[in-house]
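# Kindly return the folded structure for what I paste below:
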Amino acid sequence: MTKDDMTTAQRLDGKALAEKILADVAVRVGKLPRPPGLAVILIGNDPASTLYVRNKEKACLKVGIAFHKYLSNDQFMPSADEAQLLGAINFLNRDPGVSGIIVQLPPPKGFHADVLVAAVDPAKDVDGFHPRNIAAFLAGRATLTPPLIAAVLRLLREADAPLAGASIAIVAKDGVLRKTLGKVLVDGGAHVTATTSDAKNFAATLKSADIVITAVGKPGVITGALLQPGVVVIDIGITRQPDGTFAGDVDAASVEKVAAAFTPTPGGVGPLTVAMLLENVTQLEELSTQRTGQIVL
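Numbers count the residues shown, from 1 in each chain. Here you go, the predicted structure:
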């Protein structure tokens, strides 16, 4: 796809794609002998994290997945420490009614994301962040694809943006994201360059990219002036604005004049990632059902 093929950029509707996936998930959930269960641990008051958890809860209710929410914020258990949260994770690991567990990231200061994530049973790690699951994914042995990566790949297909031969820029500081997403893209035949918004090669890397995937958390850091015509932009970043609205890394007004396609915020990567997450939860319950000898019709 080139910019010459269109007058304005295609806005990739992650919400519409998510609805299709959730409809399929609801059918699969209905065939199970018991509903899957998703447990989410949310620490602190980060607005973006709170929004994500709320959206996950709504999606679970829609498809019939039991939702278990464990909060430690200003209103509930404000003094909970890491040891208490590790105890909660251990409890959930042993709860047969919980198919998948998420520690909503990033946690506030005083908590260690790597410690909390590593405490989750790898068999219930639906985000794919456990070190053992990351290693399996990089080795091509993973049972599940991390939801965020699955969402990015689905959006690229929707944009008709093939990986083979593409030059892709990943703008992110998160080493796990850069490593796991980068592997998938390279395996698909792409040439991948990772950068950050404050790196010396930032502008040059973006200008030469056919596809830009950004996860910075800085509103408007990706502008049309930084991009080449016909680029596809996948915006993972999200930040709450002073007026209470949420913004992505992309300056939509300028990017839509240059890009062939881009994801809006909200309504782009977020809802599709939630749908992919619930697909993973359902798959884990299906696998558990098969191991116990119960039939999934």
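# Distance check, V63 against I21.
Distance of V63 to I21, given as C-beta to C-beta, to the nearest Å: 10 Å. (Glycine included, C-beta is placed from N, CA and C.)
# okay, and the common contacts of the two?
L278 (C-beta atoms under 8 Å, 6 or more residues apart in numbering).
# Outside of stretch 65-74 itself, list whatever touches it.
Stretch 65-74 is contacted from outside by 25, 29, 35-45, 53, 56-57, 59-61, 77-78, 80, 84-85, 88, 92, 97-98, 278, 281-282, using C-beta under 8 Å, 6+ apart.
# Restricted to helices, list these.
Here DSSP state H is the test, and the contacts of stretch 65-74 give 25, 29, 53, 56-57, 59-61, 84-85, 88, 92, 278, 281-282 as lying in helices.
# Just the buried subset of the residues you listed, please.
The neighbour count (16 or more other C-beta atoms under 10 Å) marks 25, 29, 53, 56-57, 59-60, 85, 88, 92, 278, 281-282 as buried among those.
# Where do the helices of the stretch 101-250 of the chain begin and end?
For the stretch 101-250 of the chain, applying DSSP state H, counting those that start in this stretch gives helices covering 113-119, 131-138, 147-158, 175-187, 202-207.
# show me the contacts for the closest residue to T8 other than its chain neighbours.
Distances taken as C-beta to C-beta, 6 or more residues apart in numbering place E256 nearest to T8, at 5.9 Å, with adjacent residues excluded. Contacts for E256 were tallied using C-beta under 8 Å, 6+ apart; they are 8-9, 11, 224, 262.
# Report the beta-bridge partners for F67.
Per DSSP bridges, the residues bridged to F67 are L38.
# Based on its surroundings, how many neighbours for it?
Neighbour count of F67, defined by other C-beta atoms under 10 Å: 17.
# Distance-wise, check it relative to T265.
24 Å.
# Then I222?
According to C-beta to C-beta, I222 stands 11 Å off from T265.
# F246 too?
To T265, F246 is 6 Å away according to C-beta to C-beta.
# okay, those two: which has more neighbours?
Neighbour totals were compared for F246 and T265, and T265 leads with 22 against 15 (other C-beta under 10 Å).
# what sits in contact with each of F246 and T265?
I238.
# Output the below-cut-off pLDDT ranges for the protein.
The chain contains residues with pLDDT under 70 at 1-7, 293-297.
# Apart from its neighbours in sequence, what residue is nearest the spatially most central residue of it?
Geometric centre of the chain, nearest residue: L148, 2.8 Å, by C-alpha atoms, centre = their mean. Nearest residue to L148 in three dimensions, chain neighbours excluded: T273, at 5.2 Å (C-beta to C-beta, 6+ apart).
# Just give the number of residues close to the one you found.
Using other C-beta under 10 Å, T273 has 25 neighbouring residues.
# State the helix or strand in which it lies.
helix 269-291 (DSSP states H and E).
# Remind me what that helix packs against, helices and strands.
Under the contact definition 3 or more C-beta pairs under 8 Å, 6 or more residues apart in numbering; DSSP states H and E, helix 269-291 sits against helix 14-30, strand 37-43, helix 47-63, strand 100-103, helix 147-158.
# thinking again about what came up before, so the residue nearest to the centre of the chain sits right up against L177, yeah?
Yes: if you go by C-beta atoms under 8 Å, L148 and L177 touch, sitting 7.3 Å apart.
# do you know how far T239 is from S72?
22 Å.
# make that V176, sorry
23 Å.
# Next: G244.
Computed as C-beta to C-beta, the G244 to S72 distance reads 23 Å.
# And for L163?
Distance from L163 to S72, by C-beta to C-beta: 40 Å.
# Double-check the residue nearest to L148 against I149; I have them as touching.
No: using C-beta under 8 Å, T273 is not in contact with I149, being 9.2 Å away.
# OK, contacts around the nearest residue in space to V53 that is not next to it in sequence?
In space, and not counting its chain neighbours, V53 is closest to L42: 5.0 Å by C-beta to C-beta, 6+ apart. Shown in contact with L42 (C-beta under 8 Å, 6+ apart): 49-50, 53, 69-73, 104.
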